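A.B. asks: Okay, here's the prediction I keep looking at, along with the sequence it came from:
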Amino acid sequence: MTETTTDIKGATQGKSEELIQLVSFNIGDEEFGVDILKVQEINRMLDVTRVPNAPEYVDGVINLRGKVIPIIDLRRRFQMERKEHDKNTRIVVVELSGKVVGFVVDAVSEVLRIPKSVTEPPPPMVAGVNAEYITAVGKLEDRLLILLDLEKVLSNEDQKALAA
């Protein structure tokens with residue numbers, strides 16, 4: 001498994017501060033972050049081909065440079081209200097357990113480097129998202145950032161189905 005953080009030397013303290021590098025994105029009013037090392041690319045919304053009998057949160061599949069990848073709508077996965085895709089909607093393409101998957105998000109915000117020390121374990125329920133999907137909550141100056149474990153967003157059954 002890939003190491004998810006980098007060490008840098010703190011110039012003033014002389015100790016190293018562990019940093020986490022994240023891609024942040026929005027779903028509704030909430031801001032989420034995922035490990036940048038899992039993200040392969042971020043694309044504008046593409047035409048999605050529906051797949052019969054797929055779970056309701058699977059939008060379908062896309063052809064990305066000759067490779068067919070499943071597209072998961074995180075709003076529906078988190079049981080949030082549906083929203084029409086707009087000019088800000090993005091597909092965050094990640095690799096999970098050797099499989100490439102696209103996650104639909106409302107908008108991608110930025111790439112962040114935050115000290116691991118500003119994160120803490122999540123409370124049992126955060127923003128209506130099941131806490132099992134959350135690795136930590138980052139406390140930034142004026143906002144909270146929910147750090148997701150995308151491996152857990154898809155159940156083992158989902159991952160097996162996507163592999164088929």
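C.D. replies: Yep, it's here.
A.B. asks: what residue ranges in the protein are flagged as low confidence?
C.D. replies: Scanning the chain for pLDDT under 70 picks out the ranges 1-16, 124-131, 155-164.
A.B. asks: and Glu84, what does it touch?
C.D. replies: Glu84 makes contact with no residue, according to C-beta atoms under 8 Å, 6 or more residues apart in numbering. From N, CA and C alone the C-beta is placed, and that goes for glycine too.
A.B. asks: try Ile114
C.D. replies: Ile114 makes contact with Leu19, Ile20, Leu22, Gly138, Leu140, Leu145 under the criterion C-beta under 8 Å, 6+ apart.
A.B. asks: Make sure the first one is indeed in a helix.
C.D. replies: No: assessed by DSSP: H, G, I helix; E, B strand; the rest coil, Leu19 does not belong to a helix; its assignment is strand.
A.B. asks: Does it touch Val118 like I think?
C.D. replies: No: counting by C-beta atoms under 8 Å, Leu19 sits too far from Val118 to count as a contact (10.2 Å).
A.B. asks: Now the most centrally placed residue in the chain: which helix or strand?
C.D. replies: When C-alpha atoms, centre = their mean is applied to the chain, the residue found nearest the centroid is Val34 (4.6 Å). Using DSSP states H and E, Val34 sits within strand 30-35.
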